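Engineer: here is a sequence together with a model predicted from it:
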Amino acid sequence: MGASRQAGNRWDLGGRDLEQLAAEAAEFRGESLWQDAWRRLKANRTAWWSLVFLALFGGLAILAPLLPVPSPVHLDLQLEPQPPVPPWEQLGTGGFEPDYWELGAVDQALVEVRMAVFDDWQTGAWLGTDGKGRDILSRIIWGSRTSILVALAAAFCSLAIGVTYGAVAGYLGGRIDNLMMRVVDILYSIPFIFLVIFLITVVNEYRSELEDSYGIDREMVFYVVIGAVYWLTMARVVRGQVLSLRNSEFIEAARVLGASTARIVFTHLVPNVLSIVIVYLTLTIPAVMLFEAFLSFLGLGIEPPKVSWGLLAVDGSEMVNPVRLYWWLVVFPALAMGTTLLALNLLGDGLRDALDPKMRGKD
């Protein structure tokens, strides 16, 4: 910049130099932490395609009433399960019947739209049928809705309770922190499976009174119980992160400026631990899905005629015998659940690398 002149310790730049500096500055725009993380997540092909797969699969689950698949509970009693039929041999047939359990208003509206668009046409038995003639493809799609709903309920419950509880305990410290963490230890000591059995037994005893008076059914209690227990680990994770940040310079500055405890916790501390929270949520969701399937397999979860991946596992296990193996009853539900859990874990690994502050600015 030959046109610049130095006067003492001050640089006096000409108009042309200012334009050149402005042009150079425009070429190098800064990135926020989330923009940098998003860029590096897209660069990680494994994590990116896992995210795309989960988005597509979640979309299918949400739009299940709109899809031209058979009803997951429509019975067509046969002597034995029917094997899969490739789409090029039988794309679809007529005879769709809207046999469902009691659907919500939104799902019922989607079913009516489906009938208006596709009439009585439905896909063929592309993944086969079970011993009662129910379509496996339809049951997998509808079953994924239950698993995703339970996982999201536990995730949001962990986010709301665990983050708040852990952040407050870590920031206050001292005796309050010790007392709050001892409560977490006590809750950890309670056998979760016994708690679920107890609560569901109580709900079954007073089912009609709870549904008529308060609108609380067994399924709602099932969601709440799972979600209300999985926040414990989240609280510990957040507390550990907050303990390392509570004496940082920006927290001291907020105290000097007179910020309240709630403002410091939710405005300054919580946003700085969200990267750890997001990564942990991607690990919580598959754990909750597996637990829901386990409880449904034991008969403590979702009840027929509704369907879940755990109930599909029950149906598959009942048809396994040494005489003949109906492999499609086991392989396809296990493949759907396995690929979903694998994608969630791969996405969690990618998010961990993308949100790592030490990797910021690196490709």
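Structural biologist: Right, received. Where do you want to start? Only a predicted model underlies this, so the values are computations on that prediction, with no experimental measurement involved.
Engineer: helices or strands up against the host helix or strand of residue 224?
Structural biologist: Taking DSSP states H and E as the criterion, the element that holds residue 224 is helix 218-229. Helix 218-229 is packed against helix 136-157, helix 192-205, helix 270-297, with contacts defined by 3 or more C-beta pairs under 8 Å, 6 or more residues apart in numbering; DSSP states H and E. Quick note: C-beta positions are derived from backbone N, CA and C, even for glycine.
Engineer: is it possible to export the ones you listed to CSV including mean neighbour count and mean pLDDT?
Structural biologist: Listed next are the helices and strands packed on helix 218-229 as CSV, based on neighbours: other C-beta atoms under 10 Å; pLDDT from 0 to 100:
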stretch, mean neighbour count, mean pLDDT
helix 136-157, 23, 84
helix 192-205, 14, 75
helix 270-297, 20, 80
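Engineer: kindly reformat those helices as TSV containing distance to residue 316.
Structural biologist: Below are these laid out as TSV (distance: least, C-beta to C-beta, whole Å):
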stretch	distance to residue 316
helix 136-157	9
helix 192-205	22
helix 270-297	10
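Engineer: what strand or helix carries residue 131?
Structural biologist: Using DSSP H and E, residue 131 sits within no helix or strand.
Engineer: isn't it right up against residue 82?
Structural biologist: No: counting by C-beta atoms under 8 Å, residue 131 does not reach residue 82; the two are 9.7 Å apart.
Engineer: send the alpha carbons of stretch 272-291 over as CSV?
Structural biologist: Below are the C-alpha coordinates for stretch 272-291, written out as CSV (Å, rounded to 0.1, in the frame of the first residue of the first chain):
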residue,chain,number,x,y,z
ASN,A,272,-21.9,-23.1,25.8
VAL,A,273,-22.8,-26.7,26.7
LEU,A,274,-25.3,-27.3,23.9
SER,A,275,-22.7,-29.0,21.7
ILE,A,276,-22.2,-31.7,24.4
VAL,A,277,-26.0,-31.9,24.9
ILE,A,278,-26.7,-32.5,21.2
VAL,A,279,-24.1,-35.2,20.9
TYR,A,280,-25.5,-37.0,24.0
LEU,A,281,-29.0,-36.8,22.6
THR,A,282,-28.0,-38.7,19.5
LEU,A,283,-26.8,-41.4,21.9
THR,A,284,-29.9,-41.3,24.1
ILE,A,285,-32.4,-41.8,21.2
PRO,A,286,-31.1,-45.2,20.1
ALA,A,287,-30.9,-46.3,23.7
VAL,A,288,-34.5,-45.3,24.3
MET,A,289,-35.6,-47.1,21.1
LEU,A,290,-33.9,-50.3,22.2
PHE,A,291,-35.5,-50.0,25.7
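Engineer: and the contacts of that stretch?
Structural biologist: Residues outside stretch 272-291 that contact it (C-beta atoms under 8 Å, 6 or more residues apart in numbering): 33, 37, 147-148, 150-152, 154-155, 158-159, 163, 167, 226, 230, 233-234, 237-238, 241-242, 245, 309, 337, 340-341, 344-345, 347-348, 351-352, 355-357.
Engineer: which of those are buried?
Structural biologist: The neighbour count (16 or more other C-beta atoms under 10 Å) marks 37, 147-148, 150-152, 154-155, 158-159, 163, 167, 226, 230, 233-234, 237-238, 241-242, 245, 309, 337, 340-341, 344, 347-348, 351-352, 355 as buried among those.
Engineer: how many neighbours does residue 346 have?
Structural biologist: By other C-beta atoms under 10 Å, 20 other residues sit near residue 346.
Engineer: for residue 180, see how far away residue 161 is.
Structural biologist: Noted for residue 161: a distance of 12 Å to residue 180, by C-beta to C-beta, to the nearest Å.
Engineer: ditto for residue 59
Structural biologist: 40 Å.
Engineer: please say which of those two ends up with more neighbours.
Structural biologist: Taking neighbours as other C-beta under 10 Å, residue 59 and residue 180 compare with residue 180 leading, 17 against 10.
Engineer: quick one: residue 258 is in a strand?
Structural biologist: No: secondary structure of residue 258 (DSSP: H, G, I helix; E, B strand; the rest coil): coil, not part of a strand.
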